[in-house]
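> Got a predicted model here, sequence first, then my questions.
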Amino acid sequence: MRRRIALLGVASLGLLLAQACSGDDSNQNTGGSDASLDTTQDVVKQDSSTNDAAQDSSTNDAGDGGCPSSWTLEPVVDPSLAIPDGGGGVLLHAAASGTQDYTCTATTTDAGTTYAWVFVGPEADLHDCAQNVIGHHFANDAGSPEWQTTDQAFIVGKKVAGFTPDGGASSVPWLLLQSVANGGTSELGKTNYVQRLDTDGGIAPTATCDGQNTGTTMKEPYTADYWFYGN
């Protein structure tokens, strides 16, 4: 009899536990937490996607053929190279790599003959921020510096001012040049002034120039940044 009562008691206890489990709020709370977590994760994913898009937009914003805005941000320069009032804003920024060319030249005077390396002009490619060639820099028939882009727009310039930054004696000076002629409908065709900045190399050869090598041309490697300004 006692064993039967005990068995009934165990069965009743099992039934109560089953009922309690079936009405347990912890499963509902867990389900609610999972749902909240899923929603939070979705929000985080959405925010991450938004931030990535914003970052891409910031990186690719502006300028110059898809270049970052910093590529066409007007540089800070010595006052001697500042663009005069009315000269306009930045139209184009190009990185140049090539040579500055010098010819050993004899000059005869009453005092005798002297020899010196005489600058005859540059030969350089112009690149955009992705290192794509967008034009060329050279000396025209009159011996003046000229820049020409692949769409045939061009500018011919004359030197206005030069500046050698501290520690820059081993490179050609920085320059401010003014347009004396231009043409074309793109940026170079509207250019009023040009700055040559951040030069590296390109100074006259250190090799001997004398009667043995008169007429010899030496090509000295250089790089520089050119900034074109206009309205």
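Done, it's in.

> confidence score at residue 35?
Predicted confidence (pLDDT) for residue 35: 42.

> What's the local residue count around the residue nearest to residue 171 when sequence neighbours are not counted?
Counting by C-beta to C-beta, 6 or more residues apart in numbering, residue 199 is the residue found nearest to residue 171 once chain neighbours are left out, at 4.4 Å. Yep, even glycine has a C-beta here, placed from its N, CA and C like the rest. Neighbourhood size, residue 199 [other C-beta atoms under 10 Å]: 22.

> Assumed residue 199 was part of a helix.
No. Counting by DSSP: H, G, I helix; E, B strand; the rest coil, residue 199 is not part of a helix but strand.

> give me every residue that touches it.
If you count contacts by C-beta atoms under 8 Å, 6 or more residues apart in numbering, residue 199 has them with 168, 171-174, 222-224.

> Please report how far it lies from residue 207.
21 Å (C-beta to C-beta, to the nearest Å).

> pLDDT check: weakest of the contacts of residue 199?
residue 168 (95).

> ok, that residue - how many residues close by?
Residues near residue 168, counting by other C-beta under 10 Å: 14.

> Confirm it sits in a helix?
No. Counting by three-state DSSP, residue 168 falls outside a helix, being coil.

> Quick check: closest non-adjacent residue to it.
In space, residue 168 is closest to residue 199, 7.2 Å off (C-beta to C-beta, 6+ apart).

> And residue 226, by the same measure?
Using C-beta to C-beta, 6+ apart, the closest residue to residue 226 is residue 94 (5.0 Å).

> Need the single longest strand in this structure, by residues.
Across the chain, the longest stretch assigned as strand under DSSP state E is strand 89-109.

> Go ahead and confirm residue 116 touches residue 105.
Yes. Taking contacts as C-beta atoms under 8 Å, residue 116 lies within contact range of residue 105: 6.1 Å.
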